[in-house]
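K.L.:
The amino acid sequence is not available; the structure is as follows:
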């Protein structure tokens, strides 16, 4: 079936190996898969018109060049622009969108071209490991995955603090946070299309040979991750909005917990000796703990509005739980960033900043006002609180955020004409 791993063979390309650092990380993606050069003329010259083969080759060559360049710059803490004024990631996404309708001509059953070309892709961030497969659906799957990862790169860039020259210092603007929600939903649409429309087209024996980046569990986890981080942005915006009620903030925080729980359940179990797998697992652990800290915090504030002794007791235990989960998320964040390839902690903003500022303050205030409920014990060396009263269950809200619907594009007219012949 022509599937296996090989080493970097492109002439004139220096093998970089695993990077030591990937800059500032707000949005995590486990390496960036990039396509390797393919000679369509050898495989398709006897089956397609010369102009069609040349167009297919030109479109893919553009994708290869842009993806290689973007991979070399991936997750660096700066905005990149081309001489044409557009961002590198936007141009790569456009190139992929132009390539996909032409590529789809190879998967049409009537064309007989599905297995004619050996497609090669590599995770350039992970010791340049390559996977090749003679199946055009594998190429479609890889293209959709790259389109989603480009969206994640765009979101990470948008969420890095920048200076606005107004004397207030670097920050992440409200406009950038709103924009990332749409970017996350777009990424989710590409990944859901890959899961529901493309993976079923690949035979089971070939699916078992797919690289770990493309297995269904990882695709699902990444799609959900986009939704979880999208809700995080919505919650941060609600926190900054004086008109947003505690009930709205609690609902968003509880939804965020459910998304990260589903991510935790979806991500495949991988050997933790692998740097990217370990780092991805730690990212999920960090954001899941942070989501629970937010949910228990806002739940505790709402319970604190009750006048009964029971509601006050539950409010106290909820706030204590939020403080414990906040400590857990801070520890997980530190371990995540120090795990190779190392990354830098970005300046806290939105939900994270609010939790770091308010949870210790609110918990201390609540305990001081309810000394009779303060039954916590502290260990002598760690200072970590042990909650005597278990926190109440969190409310269960339906998930409101869904990926943007994406359908595979119509076949390119030139390829449609070829397929009819």
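P.N.:
That came through fine. The structure displayed is predicted, hence computed values, not measured ones.

K.L.:
C-alpha only now, for contacts and for neighbours.
P.N.:
Noted.

K.L.:
so after the helix or strand containing residue 236, what's the next helix or strand?
P.N.:
Using DSSP states H and E, the element containing residue 236 is helix 216-240. Per DSSP H and E, the first helix or strand lying C-terminal to helix 216-240 is helix 246-266.

K.L.:
angle of that following helix against helix 216-240?
P.N.:
On the basis of axes from the mean of the first three to the mean of the last three CA atoms, to 10 degrees, helix 246-266 is oriented at 160 degrees to helix 216-240.

K.L.:
Can you list the buried residues in helix 246-266?
P.N.:
For helix 246-266, burial by neighbour count (16 or more other CA atoms under 10 Å) applies to 249-264, 266.

K.L.:
do stretch 27-38 as well
P.N.:
Residues of stretch 27-38 classed as buried: 27-38 (neighbour count, 16+ other CA under 10 Å).

K.L.:
what do you get for stretch 157-177?
P.N.:
Per 16+ other CA under 10 Å, stretch 157-177 contains these buried residues: 157-162, 172-173, 176-177.

K.L.:
show me where this protein has strands.
P.N.:
Taking DSSP state E, the strands of the chain run over residues 4-6, 21-24, 33-35, 119-123, 129-133, 342-344, 377-378, 385-386.

K.L.:
in this structure, what spans have low per-residue confidence?
P.N.:
For the chain, the stretches with pLDDT under 70 are 1-19, 74-86, 124-128, 270-275, 367-388, 414-421.

K.L.:
picking up where we left off before, of the strands of the chain, which stretch is the most buried?
P.N.:
strand 33-35 (a mean of 25; mean count of other CA atoms under 10 Å).

K.L.:
Relative to the whole chain's centre, how far out is that one?
P.N.:
Going by CA atoms, centre = their mean, to the nearest Å, the spacing between the C-alpha centre of strand 33-35 and its chain's C-alpha centre is 17 Å.

K.L.:
So what touches it?
P.N.:
Contacts with strand 33-35, where a contact means CA atoms under 8 Å, 6 or more residues apart in numbering, come from 63-64, 67-68, 71, 120-125, 142, 146.

K.L.:
How about the contacts made by residue 170?
P.N.:
Neighbouring residues of residue 170 by CA under 8 Å, 6+ apart: 161-164.

K.L.:
What residues does the residue nearest to residue 233 when sequence neighbours are not counted make contact with?
P.N.:
Closest residue in space to residue 233, ignoring its immediate chain neighbours: residue 177 at 5.9 Å, by CA to CA, 6 or more residues apart in numbering. Residues in contact with residue 177 (CA under 8 Å, 6+ apart) are 158-159, 233, 237.
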